[in-house]
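Engineer: Please find the sequence and the predicted model below.
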Amino acid sequence: MPAVSSRSTTDVRPGGAPSRPPAPKAGRPAGRRSLFSRLGALPWLAPAVVLILGVVVWPVVEMVSTSLRRIDTTGTDHGPAGLVKYHKLFSDPRLPGVLTWTAVWTIAVVGLTMLISLALAQLFNQNFPGRRLTRWALIAPWAASVLMTAIGFRWMLDQVAGVFNRLLLDLGLIDHSRAWLGDAAHARPWLVLVAVFVSLPFTTYTLLAGLQTVPGEVYEAARVDGATPWQTYRKVTLPLLRPAFLVGLVINLINVFNSFPVIWGMTQGGPNADTATTTVFMYMLRGYDVAESAAMSVVNFAIVILMVVVFLKVSRWNGEES
């Protein structure tokens, strides 16, 4: 038998002429495809990264840089100052009171907002006549400007022309008009009340959205097992509501801590910075020392970052063990 010769991988046309290998399919060059595969999702994330760099990182760098300079109220830079402005800030006798009131303000407003929002969300999750109207009414404090709301309350509490004093006088509850915003003891409860009033809509709707994701079969199973309404709420509703609750809580912590319009619109931080939080105090400082105001901004920013990190660590927001 004759030996079989090995064939090359190139096909042979009839007549002995070798055929050309098939041409590659049209498309992007292999080098370009590999480049995009190496970049992964970076082209899609690039706009967000640029936005963060421009809106967050660059202002923080400028803020830190300003706090280390000697800048007068006209904006003239007189050279580096080192940590002098931080020493001046921490030597200010008003700062301990401002920090204490900021902590009390944040805890009181966020705590009351979350508790009242839980009750309102539970109420709005039920079927009752006029539910749609009450839901729309709750949006009003959210739709209005926070500063406009604060100014409206300031006029309402005015000692001379305020309707609140007039109402109490007509009812015989007080014998003379009072300056409800004239001292810290009377002004602080009103500041907390107004801050809760403007914070309720967002938090309530966040919790309401979380409640509406809870399947009805879970409640049916709890009823079959003989759970009371309180047991169902505590052991079924609240655990399933945890993601929405944490979202509302974290956003409220940041917003309330950095809140400016309510306090500035009602008391402007006075008298003598007794009702000023760190954000309002920072704005007050800018009138006579821009660099010290920037130093207060750096401290405020550091407190926010620390507060959020500690909260997320303690709450184990992602549900994973560390």
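Structural biologist: The structure has been received and is ready for your questions.

Engineer: Could you use CA atoms for every contact and neighbour count after this?
Structural biologist: Will do.

Engineer: residue contacts, Val290?
Structural biologist: Listed by Cα atoms under 8 Å, 6 or more residues apart in numbering, the contact set of Val290 reads Thr66, Ser67, Ile71, Asp72, Thr73, Gly75.

Engineer: ok, Trp264 to Asp175 distance?
Structural biologist: Noted for Trp264: a distance of 29 Å to Asp175, by Cα to Cα, to the nearest Å.

Engineer: When those two are compared, which one has more neighbours?
Structural biologist: Trp264 (22 against 11; other Cα atoms under 10 Å).

Engineer: Skip the chain neighbours and tell me the closest residue to that one.
Structural biologist: Nearest non-adjacent residue to Trp264, counting by Cα to Cα, 6 or more residues apart in numbering: Val280, 6.9 Å away.

Engineer: just so I have it, where are all the strands in this protein?
Structural biologist: Using DSSP state E, the strands found in the chain span residues 69-71, 77-80.

Engineer: Of those strands, which is nearest Val236?
Structural biologist: For the strands of the chain, the distance to Val236 is smallest for strand 69-71, at 55.5 Å, taking Cα to Cα.

Engineer: Partner strands of that closest one, with direction?
Structural biologist: In the sheet, strand 69-71 lines up against strand 77-80 (antiparallel) (DSSP bridges).

Engineer: give me every residue that touches the spatially most central residue of the chain.
Structural biologist: Closest to where the C-alpha atoms of the chain average out (Cα atoms, centre = their mean) is Ile251, at 3.2 Å. By Cα under 8 Å, 6+ apart, the contact set of Ile251 is empty.

Engineer: any idea how far it is from Thr113?
Structural biologist: In terms of Cα to Cα, Ile251 sits 12 Å off from Thr113.

Engineer: ditto for Asp289
Structural biologist: Taking Cα to Cα, one finds Asp289 at 35 Å from Thr113.

Engineer: who has more neighbours, these two?
Structural biologist: Using other Cα under 10 Å, the more surrounded residue of Asp289 and Thr113 is Thr113, with 26 against 18.

Engineer: what's the spacing between the more buried one and Gly287?
Structural biologist: Taking Cα to Cα, one finds Thr113 at 33 Å from Gly287.

Engineer: And Arg131, by the same measure?
Structural biologist: 48 Å.
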